[in-house]
Structures are given as structure tokens and as C-alpha cells.
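>>> Build me a model from this:
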Amino acid sequence: NAVTLPVMTYSRNVWPNPNLYPSYVNVFEGRNSYRMPAYHRLDLGINFHKEKKWGTRTWSFGAYNAYNRLNPFFMTQQIMTTQSGFQIMQLKEYSLFPIIPYFSYQFKLR
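The predicted structure is shown next:
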């Protein structure tokens, strides 16, 4: 996924009290200039079918994202202050879904 991220952030003073109302301005170079890491996952599933007198019974078992990869869904920027007093911008990735197991039962009448 291509995303637009700021290349620089600076603070500006807001009248009447800059300490009470801090304001930050983002500077952008271009649209979609950054690529997020690749998104991939492995979904596994198995179905067991059995014919019965009145119909077909099916048990399903599986897992979404079977190897539990934490794929980045969106990113935010955080302004961090170093020990020397400089402020730097860091990106933080957020993931949505870890491994999600599932099971289901279904019965179809004839």
C-alpha cells in the first residue's frame, strides 16, 4: 500500500499563549511517496462431511492468519524528544488481527 507521510513537522506559536495552545504543522513532499511493508497471511481450513439419514453434516475447522504475522494496517507519527533535547518523528505501526481460529457446524436437509 502506498501512503502519504510527512517528511518534517515543526511547531508554531499560536497567539495569545504558545504554551497553552501548541500547534504542529506537517510538511509533505509528494503523494504516496512511502510504501508500507508487504501484507500477507496464511489462512487454513478443513471440512469434514458425513452423509446422514436426513441430510449432510459438515464440521469446519481452521484459522485465519495461521502463522500469526502482525501485518501493519495503519501508521501514525509520534514526536519523541531525545536526551539531547532534539525532537524526532517516529512512525508507529498498528496491526489488527493475530491468529483467529474458527469452527462451525452445518446440517443440510435433503
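>>> Return the helix or strand in the protein with minimum mean pLDDT.
strand 8-12 (a mean of 75; mean pLDDT, DSSP states H and E).
>>> list the helices and strands it packs on?
Packing contacts for strand 8-12, counted by 3 or more Cβ pairs under 8 Å, 6 or more residues apart in numbering; DSSP states H and E, involve strand 23-27. Yep, even glycine has a C-beta here, placed from its N, CA and C like the rest.
>>> follow-up on the earlier one: tell me what angle the least confident helix or strand of the chain forms with strand 23-27.
Orientation check (axes from the mean of the first three to the mean of the last three Cα atoms, to 10 degrees): strand 8-12 against strand 23-27 gives 150 degrees.
>>> Residue 61 against residue 45, yeah?
Yes. Look at residue 61 against residue 45 with Cβ atoms under 8 Å: they come within range, at 7.0 Å.
>>> What is the end-to-end distance of stretch 93-109?
End-to-end distance for stretch 93-109: 47 Å, by Cα to Cα, to the nearest Å.
>>> Check the offset of it from the chain's centre.
18 Å (Cα atoms, centre = their mean, to the nearest Å).
>>> ok, residues contacting it?
Contact partners of stretch 93-109, identified using Cβ atoms under 8 Å, 6 or more residues apart in numbering, comprise 37, 52, 54-68, 70-76.
>>> Fine by me, we can end here.
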